[in-house]
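# Give me a model of this one.
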Amino acid sequence: MTDSFKTFLIAALMGSALSLAACGGDKTASAGNGNGERSQYELAGDHAIGNPDAKVTVVEYASVTCSHCATWHKTVWPQFRKDYVDTGKVRFIYREFPTSPVKLAETGFMIARCADEDKYFANIGLQYERQAALFEAAGNGEAKKAYTELARAAGLSEDEFEQCLANEDEYEAMQTVIKGGFERGVSATPTFIINGDIAKVYMLEDFDEAFKPFIDVPQRDAAEDTSASDGDR
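From the prediction side, this is the model:
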């Protein structure tokens with residue numbers, strides 16, 4: 001398993017033909033909570049930030065190769081985090097759900113998993129910022145170089161990156177997360193689950209409306225509305 005997985009990933013990183021399909025249509029907690037507490041909707045091994053006693057827990061199933069996920073994280077997430085996570089109103093959990101090109105997504109997730117837990121969300125965010133460049137590098141046969149640089153940004157040396165790709169325990173843990181997503185009815189990315197139920201939310205105002213039964217939400221004017229579009233999710 002380990003050798004075949006590593007070989008497959010390295011082959012993909014060396015520039016095998018890649019199809020960039022659309023994403024939307026088809027650990028121990030936590031970076032912000034060192035005491036290891038979890039909310040009732042949180043699983044052992046989840047990557048989570050925010051108050052574990054918050055009245056709202058949001059789970060996002062997403063892929064680092066999903067364009068709609070990248071748009072959400074670049075345009076909605078900063079204000080969402082400021083208003084809800086940093087204020088202690090929401091516990092936020094990120095779960096991996098790779099989309100095409102799957103091997104690139106898996107490589108990115110493995111890098112984030114192998115880095116220190118407190119760097120997990122920062123590395124996921126960096127992958128969204130670099131998503132277009134990573135796709136371009138893959139198309140030019142330079143994915144290995146691009147992902148090695150990404151690993152360095154996560155604090156991994158090139159040798160540690162190679163070891164990361166061979167880490168069967170982390171890979172199997174990721175597969176368990178993916179299986180759990182399918183079992184919960186996840187079929188597209190991003191999918192958000194609010195207090196255990198899948199919710200049709202994407203824009204910031206969607207979350208405001210969904211949170212009203214549980215917590216106080218900010219009053220917004222037109223200037224605060226996000227301009228992200230959910231496209232063909």
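# State which helix of this protein is the longest.
Secondary structure of the chain per DSSP state H: the longest helix is helix 168-183.
# What's the first helix or strand after the helix or strand bottoming out on mean pLDDT in the chain?
Ranked by mean pLDDT, DSSP states H and E, the weakest helix or strand in the chain is helix 2-13, scoring a mean of 52. Per DSSP states H and E, the first helix or strand lying C-terminal to helix 2-13 is strand 47-49.
# Please state the offset of that next one from the chain centre?
Counting by Cα atoms, centre = their mean, to the nearest Å, strand 47-49 is centred 10 Å from the centre of its parent chain.
# That strand packs against which elements?
strand 90-96, helix 120-129 (3 or more Cβ pairs under 8 Å, 6 or more residues apart in numbering; DSSP states H and E). Yep, even glycine has a C-beta here, placed from its N, CA and C like the rest.
# Which of these has the highest mean neighbour count?
strand 90-96 (a mean of 25; mean count of other Cβ atoms under 10 Å).
# which other helices and strands contact that one?
With 3+ Cβ pairs under 8 Å, 6+ apart as the test, strand 90-96 has strand 47-49, strand 56-62, helix 120-129, helix 168-183 packed against it.
# Dump the ones you listed to a markdown table, plus distance to F207 and mean pLDDT.
Below are the helices and strands packed on strand 90-96 laid out as a markdown table (distance: least, Cβ to Cβ, whole Å; pLDDT from 0 to 100):
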| stretch | distance to F207 | mean pLDDT |
| --- | --- | --- |
| strand 47-49 | 16 | 96 |
| strand 56-62 | 8 | 98 |
| helix 120-129 | 18 | 97 |
| helix 168-183 | 20 | 96 |
